[in-house]
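1. need a 3D model of the sequence below.
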Amino acid sequence: MKYLRKLNNFNSYLAILSALDSAPVRRLDWPRSYVEDLKEYSILIDSTSSFRAYRAALAEAEPPCIPYLGLILQDITFIHIGNPDSLEEGIINFTKCWQHFTILDSMRRFKQYQYDNLGKKENLISFFNGFNDYLDEEAMWQLSKAIKPQGGGGGGN
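-> This is a model prediction of the structure:
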């Protein structure tokens, strides 16, 4: 997690935190230190105050950077739905255009730079089987119940 944050890879950071915070994984008993680390890492992507901590970190991030795509799409959707395309008398709503531009320009700024020091790691890709195998929600629940049967005691944390 620290490495992803150092790389400003917010999209992968959030993806991993979301997976670790999914119900089938969260219900398992984890060492207290893991739970505390997860809480600490989750502060960055806390959704309160419209993701204030994440937005501040993104504003300070130096390229290269991979922002969280879900929030970008949410912001663009809110701008699109919440603002008319034109004002009275058919005047173009330039405020809406400017809001769209601001979001897209920050994406352009981040896209201008690449991670030059990162190479393809075949051993990692092989470990994850080329990212072709994954479990759906139901399979994750079944595996979670096999590890810790429902009503299986233990308060964890």
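2. can I get the CA coordinates of the stretch of helix or strand Glu36 belongs to in CSV?
-> According to DSSP states H and E, Glu36 maps onto helix 32-42. What follows is helix 32-42, C-alpha atoms only, in CSV (Å, rounded to 0.1, in the frame of the first residue of the first chain):
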residue,chain,number,x,y,z
ARG,A,32,-5.1,-6.5,15.2
SER,A,33,-2.1,-4.9,13.4
TYR,A,34,-3.6,-5.7,10.0
VAL,A,35,-6.9,-4.1,11.0
GLU,A,36,-5.1,-1.0,12.3
ASP,A,37,-3.1,-0.7,9.1
LEU,A,38,-6.2,-1.0,7.0
LYS,A,39,-7.9,1.8,9.0
GLU,A,40,-4.9,4.0,8.5
TYR,A,41,-4.7,3.3,4.8
SER,A,42,-8.5,3.9,4.5
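3. tell me which strands and helices it is in contact with?
-> Using 3 or more C-beta pairs under 8 Å, 6 or more residues apart in numbering; DSSP states H and E as the contact test, the elements touching helix 32-42 are helix 10-20. For glycine as for every other residue, the C-beta is placed from the backbone atoms N, C-alpha and C.
4. residues in contact with the following helix or strand past the helix it packs on?
-> Following helix 10-20 in sequence order, the next helix or strand is helix 23-26 (DSSP H and E). With contacts defined as C-beta atoms under 8 Å, 6 or more residues apart in numbering, helix 23-26 is touched by 19-20, 137, 140-141, 143-144.
5. in this protein, which helix or strand is least confident?
-> helix 122-127 (a mean of 85; mean pLDDT, DSSP states H and E).
6. before we move on, back to that, which of the contacts of helix 23-26 fall within helices?
-> 19-20, 137, 140-141, 143-144 (DSSP state H).
7. list just the nearest of those to Trp98.
-> The shortest approach to Trp98 among these belongs to Ala19, at 36.0 Å (C-beta to C-beta).
8. pLDDT score for the residue nearest to that closest one when sequence neighbours are not counted?
-> Setting aside the residues directly before and after it, Ala19 is nearest to Val25 in space (C-beta to C-beta, 6 or more residues apart in numbering), at 6.7 Å. pLDDT, Val25: 92.
9. what do you get for the one 3 residues further on?
-> In the prediction, the pLDDT value recorded for Leu28 is 93.
10. what is the neighbour count of Tyr68?
-> Tyr68: 19 surrounding residues under other C-beta atoms under 10 Å.
11. right, and it touches Ile16 too?
-> No: with contact defined as C-beta atoms under 8 Å, Tyr68 does not reach Ile16; the gap is 11.9 Å.
12. all good on my end, thank you.
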